[in-house]
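A.B. asks: I'd like to go over a predicted model; first the sequence, then the structure.
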Amino acid sequence: MRKQGKTYNEINRLLGIPKSTLSGWFEGLKIPLIIKRRLWTRNQRKWAESITNYNKKRALDVFNRNNETQQRISKEIGRLTKRELMLIGTALYWAEGDKKERWRCKFCNSDPGMIKIIMKFFRNVCKVPESKFRAYVQIYPNITEQKAKVFWSKISGIPLGQFDKTLTSISKSSKFKRSPNTLPYGTFSVRISNVNLTNRIKGWILGLSKP
């Protein structure tokens, strides 16, 4: 059986002979080269599978621990006051909003959490009427337009009827091979045509920028 390429574990399972006994029996046993290569390849594969499974389990344990820590720490933020929301929304717009626009506000991002915060800022601090919101999504060939629009409509609270034409982009580097896990719902943009609001937000940004 050993000369046929059976491993110690396989012989142990079939005959019940301890591996330590088999090791003594097979000491000095000449095994054909082709069988040696087959055993070596099989052992390499099992070792690789064992290491892969260990790494996966370790990665999952680390992920779970980190997630538990983050969930616990998140409670330290608590409920935001209106002033805190104003400061956070202004900072977000400063970082991700379109500051070149003179007549309207425009905010674009692919992070659902950030979109929720900025929409709360627009509604609760800026008091933007629901009818003033216009939105659109930018997607890639691997993304379904309707699925993306429904997703961002739920995140932003903006009805689908207030979504403009979807933009489809093709990355030159990806050559149509963009991973479906990369921006699975594309990028969301919200626009508000209001000169006064544009100036207010720019004024708040100016206030934050002062030492």
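C.D. replies: Okay, I see it. Numbering: from 1, shown residues only.
A.B. asks: pLDDT weak spots in the protein?
C.D. replies: Within the chain, the stretches with pLDDT under 70 are 32, 34-36, 39, 170-181.
A.B. asks: make it 80
C.D. replies: 1-8, 26-49, 142, 169-182, 211 (pLDDT under 80).
A.B. asks: How is it partitioned into domains?
C.D. replies: What automatic domain parsing lists as the domains of the chain is 8-73, 82-209.
A.B. asks: which residues touch Asp98?
C.D. replies: 105-108 (C-beta atoms under 8 Å, 6 or more residues apart in numbering). C-beta coordinates here come from the backbone N, C-alpha and C atoms, glycine included.
A.B. asks: For Ser189, grab phi and psi.
C.D. replies: phi -130, psi 140 (degrees, to the nearest 10).
A.B. asks: now swap in Phe163 and tell me
C.D. replies: phi -90, psi 130.
A.B. asks: Then Pro18?
C.D. replies: Given degrees, to the nearest 10, the pair of backbone angles that Pro18 has is phi -60, psi 150.
A.B. asks: Chain neighbours aside, what residue packs nearest to it?
C.D. replies: Leaving aside its sequence neighbours, Pro18 sits nearest to Asn12 (C-beta to C-beta, 6 or more residues apart in numbering; 7.0 Å).
A.B. asks: And what about the one you found, helix, strand or coil?
C.D. replies: helix (DSSP: H, G, I helix; E, B strand; the rest coil).
A.B. asks: wait, isn't it in contact with Ser23?
C.D. replies: No. Using C-beta atoms under 8 Å, Asn12 is not in contact with Ser23, being 10.9 Å away.
A.B. asks: residue contacts, Leu87?
C.D. replies: Leu87 neighbours (C-beta under 8 Å, 6+ apart): Leu208.
A.B. asks: May I have stretch 138-152 as CSV, with CA atoms only?
C.D. replies: Extracted in CSV, the C-alpha atoms of stretch 138-152 (Å, rounded to 0.1, in the frame of the first residue of the first chain):
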residue,chain,number,x,y,z
GLN,A,138,-23.0,57.3,-11.9
ILE,A,139,-22.6,53.6,-12.6
TYR,A,140,-20.2,51.2,-14.4
PRO,A,141,-21.1,48.4,-16.9
ASN,A,142,-21.1,45.8,-14.1
ILE,A,143,-23.9,47.7,-12.3
THR,A,144,-27.7,47.5,-13.0
GLU,A,145,-29.1,51.0,-13.3
GLN,A,146,-32.5,50.3,-11.7
LYS,A,147,-30.9,48.4,-8.8
ALA,A,148,-28.5,51.3,-8.2
LYS,A,149,-31.3,53.9,-8.3
VAL,A,150,-33.5,52.0,-5.9
PHE,A,151,-30.6,51.6,-3.5
TRP,A,152,-29.7,55.3,-3.4
